[in-house]
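Visitor: Sequence and computational prediction follow.
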Amino acid sequence: MVCLGNPERRGSITVIGAVSPPGGDLSEPVTQATLRITGTFWALDDKLASRRHFPAINWLRSYSLYMQLFKPWYKEHMPADFEELRDRAGALLQREAELQEIVQLVGPDALQDDQRMVIEAGKMLREDFLQQNAYTDDAHSPLTKSHGILKAIVVFYDQALAALKRGMLLDEVINLKAIEEIARMKDVPKDQFDQYIAAWLEKLPEAFGQKPAQPAVAASE
């Protein structure tokens, strides 16, 4: 659209519709009629809100039908692995939800170490990536910083699985200082983050007793 007045301004309009189904029942007619015409759905979750997890958007029930439209923009403005990391994070969260159901039925001792690592990775994604603090720098995290935090979690998960296969104990993995460092990444100032995450990824293998990685490329490059 072109706005009236001077100077000439061009922009787009985003329409957001809010539906509050009785009892949170998404199958009721008004909600279903809305879902048939919307391209993106943010499922607000009262359970997340009661746990003080904000934004209280359920990551398993929400969706966007515009991902294909964003591909050219991602290719131009984001690191090449952004979409892969995003998809892997979604798969980890889905797998974590499935394992949590097993834990509620039979307890965590019934899980293998690699399955328990999925739960740990899901916890990091929920608390260190999806959860935001409106009163800190994390309230307006640029995509490049979000990419860096997401990459840190996924890379840590991959290296943790490799370490478990080499014989490292799960208790040793979940007590690594690197997990605390991931939790604090959202507090790193934006103008310092690219340098910080590059150095962190480079030294991460040492935490698992491996040789240091080759210098990482900054997230903004």
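Guide: Sure, I can see it. Residues are numbered from 1 along each chain as shown.
Visitor: How about residue 197, nearest residue that isn't a chain neighbour?
Guide: Spatial nearest neighbour of residue 197, chain neighbours left out: residue 148 (3.9 Å); criterion: Cβ to Cβ, 6 or more residues apart in numbering. Heads up, the C-betas are built off the backbone N, CA and C, glycines and all.
Visitor: Am I right that that neighbour is in a helix?
Guide: Yes: under DSSP: H, G, I helix; E, B strand; the rest coil, residue 148 sits within a helix.
Visitor: That one: neighbouring residues, count only.
Guide: By other Cβ atoms under 10 Å, the residues close to residue 148 number 25.
Visitor: Please parse the protein into its domains.
Guide: 13-70, 78-207 (automatic domain parsing).
Visitor: quick one on the thing from earlier: any idea how far the residue nearest to residue 197 is from residue 199?
Guide: From residue 148 across to residue 199, the span is 11 Å (Cβ to Cβ, to the nearest Å).
Visitor: Check which element follows the longest helix along the chain along the chain.
Guide: Counting by DSSP state H, the longest helix found in the chain is helix 82-106. Using DSSP states H and E, the helix or strand that follows helix 82-106 in sequence is helix 113-124.
Visitor: ok, residues contacting that following helix?
Guide: By Cβ atoms under 8 Å, 6 or more residues apart in numbering, the residues outside helix 113-124 that reach it are 92-93, 95-97, 99-100, 103, 108, 111, 153-154, 156-157, 160-161, 164, 170, 173-174, 179, 182-183.
Visitor: what comes up buried for that helix?
Guide: 115-122, 124 (16 or more other Cβ atoms under 10 Å).
Visitor: with those residues in mind, which one is nearest to residue 80?
Guide: residue 121 (22.0 Å; Cβ to Cβ).
Visitor: Show the pLDDT at the closest one.
Guide: Looking at residue 121, its pLDDT is 97.
Visitor: so how many other residues sit close to the nearest residue to residue 3 once chain neighbours are set aside?
Guide: Spatial nearest neighbour of residue 3, excluding adjacent residues (Cβ to Cβ, 6+ apart): residue 9 at 4.2 Å. Residues within reach of residue 9, counting by other Cβ under 10 Å, total 10.
Visitor: And for the one 10 residues further on?
Guide: Other residues within reach of residue 19 by the criterion other Cβ under 10 Å amount to 14.
Visitor: Residue 77 versus that one, what's the distance?
Guide: Relative to residue 77, and taking Cβ to Cβ, residue 19 is found at 32 Å.
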